[in-house]
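>>> any chance you could fold what I've pasted below:
(one chain, ligands or ions: 1)
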Amino acid sequence: MAALLGPAEIRDLAGLLDIQPTKKLGQNFVIDANTVRRIVRVAGVTTGETAVEVGPGLGSLTLGLLETGASVVAVEIDNRLAAQLPVTVAEMQPDVYPSGGTARLTVITQDALKVTALPDAPSVLVANLPYNVSVPVLLHFLEHFPTLVRGLVMVQAEVGERLAAPPGSKVYGAPSAKAAWYGQWRTHGKVSRQVFWPVPNVDSILVGFDRTALPGTEAERLATFAIIDAAFQQRRKMLRQSLSVVLGSSAEASARLEAAGLAPTSRGEELTVLDFLAIARTAA
Ligand code: SAM
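Okay, here's the model as predicted:
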């Protein structure tokens with residue numbers, strides 16, 4: 001049997017499990033081995049390292065990751081998919097379960113947003129993310145798993161472009177500023193809708209990150225993220241106005257912006273995450 005899943009295998013597995021993919025859980029399964037190999041290659045996954053995958057689904061990407069010799073911790077919310085995954089992997093790549101040795105795949109049946117501990121410390125996050133929760137999942141994993149030094153995920157094209165956008169760009173927003181707290185982001189090319197079953201009605205893109213040193217403490221992160229949220233809730237307004245509620249008043253916001261070396265008339269879309277942190281640090 002082939003080591004990766006193609007359209008026929010996906011159809012058979014879905015039939016076997018009587019799966020009706022749901023939009024709510026972002027269930028669009030990759031049916032193209034070339035796309036899987038591209039993701040694994042760009043992610044740079046190698047033998048011996050541990051990758052964490054969110055939403056393994058029927059196992060398309062999981063098998064690609066395991067093929068490199070890496071170990072995989074897979075977090076899947078759908079019970080049926082989580083239960084089938086070890087069966088599929090054992091059938092297609094028996095060496096993942098060496099007799100008398102340690103299995104290279106661990107499946108955790110849980111909502112990824114609730115996972116705060118993993119059996120193994122992952123160095124890389126690789127996933128074809130459920131699109132409706134992709135940003136919260138990324139921020140959650142970056143917050144809770146400091147061993148993650150890099151990652152490569154497939155997300156909705158607009159979301160990937162936003163994550164990687166620099167200040168001043170039209171699509172720069174709260175997710176861009178928050179993502180920059182943890183590292184550097186860049187897009188790695190679009191992916192055709194035709195590689196999925198069912199075919200989604202949005203375009204997809206690969207986006208990757210390399211972790212950098214945290215710019216501040218956890219308390220400073222919380223304060224910075226609250227300021228970022230306020231700044232982008234009213235992104236067209238000047239910061240002295242958009243931050244007036246979160247910082248107390250327009251006068252207080254102006255004073256804090258000036259103390260941070262920023263013009264009270266500037267707008268959130270012009271500020272880097274370090275500028276937002278500088279505002280947070282002016283707290284008395
Ligand atoms: N990785 C598979 C592939 O490439 O074919 C499936 C990707 S599909 C876009 C997203 C997967 O995430 C589905 O299997 C879905 O059940 C799962 N999922 C959705 N929400 C989740 C959550 N909150 N936590 C964990 N898994 C989730």
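
>>> CA only for contacts and neighbour counts going forward, please
Noted.

>>> packing partners for the longest helix seen in the chain?
Ordering each helix of the chain by length in residues (DSSP state H) puts helix 218-233 first. Applying 3 or more Cα pairs under 8 Å, 6 or more residues apart in numbering; DSSP states H and E, one finds that helix 218-233 makes contact with helix 174-182, helix 239-242, helix 244-247, helix 273-280.

>>> show me what from this structure comes close to the ligand.
Counting by Cα under 6 Å from any ligand atom, the chain comes close to the ligand at 25-30, 54-61, 75-78, 111-113, 128-130.

>>> rerun at 5 Å
The interface of the chain toward the ligand, taken as Cα under 5 Å from any ligand atom, is made up of 25, 27-30, 55-57, 60, 76-78, 111-112, 128, 130.

>>> mind listing which of these are in helices?
Using DSSP H, those in helices are residue 60.

>>> count of neighbours near the residue of the stretch 151-284 of the chain found nearest the ligand?
Per Cα to the nearest ligand atom, residue 196 is where the stretch 151-284 of the chain lies closest to the ligand, at 7.4 Å. Neighbour count of residue 196, defined by other Cα atoms under 10 Å: 17.

>>> list the contacts of it.
Residue 196 makes contacts with 28, 29, 30, 31, 32, as judged by Cα atoms under 8 Å, 6 or more residues apart in numbering.

>>> who wins on neighbours among those residues?
Using other Cα under 10 Å as the neighbour criterion, residue 30 leads the contacts of residue 196 with 26 neighbours.

>>> my read: that one touches residue 193, true?
No. Counting by Cα atoms under 8 Å, residue 30 stays clear of residue 193, with 9.6 Å between them.

>>> low pLDDT regions in this structure?
Along the chain, segments meeting pLDDT under 70 span 1-2.

>>> residue ranges for the helices of it, please.
Ranges of helices within the chain are 7-17, 33-43, 60-67, 79-92, 134-144, 157-163, 174-182, 218-233, 239-242, 244-247, 250-259, 273-280, based on DSSP H.

>>> list the buried residues for the second one?
This points to helix 33-43. Across helix 33-43, burial judged by 16 or more other Cα atoms under 10 Å covers 33, 35, 36, 37, 39, 40, 43.

>>> CA atoms only: put it into CSV for me.
Only the C-alpha atoms of helix 33-43 are listed here, as CSV (Å, rounded to 0.1, in the frame of the first residue of the first chain):
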residue,chain,number,x,y,z
ALA,A,33,0.3,13.6,-1.8
ASN,A,34,2.3,16.4,-3.5
THR,A,35,0.8,19.0,-1.3
VAL,A,36,1.5,17.0,1.8
ARG,A,37,5.1,16.5,0.8
ARG,A,38,5.4,20.2,0.0
ILE,A,39,4.2,21.1,3.5
VAL,A,40,6.5,18.7,5.1
ARG,A,41,9.5,19.9,3.0
VAL,A,42,8.9,23.6,3.7
ALA,A,43,8.4,22.8,7.4
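
>>> what angle do helix 7-17 and it make with each other?
Angle, helix 33-43 to helix 7-17, by axes from the mean of the first three to the mean of the last three Cα atoms, to 10 degrees: 100 degrees.

>>> swap in the fourth one?
Orientation of helix 79-92 against helix 7-17 (the same axes, to 10 degrees) gives an angle of 130 degrees.

>>> next one: residue 131 from residue 26, what distance?
Distance of residue 131 to residue 26, computed by Cα to Cα, to the nearest Å: 6 Å.

>>> higher neighbour count, those two?
Neighbour count, other Cα under 10 Å: between residue 131 and residue 26, residue 131 has more, with 21 against 17.

>>> so who does the more buried one touch?
So residue 131 contacts 26, 155, 156 (Cα under 8 Å, 6+ apart).

>>> number of residues surrounding the residue lying closest to the first one once chain neighbours are set aside?
Distance criterion Cα to Cα, 6 or more residues apart in numbering; nearest residue to residue 26, sequence neighbours excluded, is residue 130 at 4.5 Å. By the other Cα under 10 Å criterion, the neighbourhood of residue 130 contains 22 residues.

>>> that'll do, ta.
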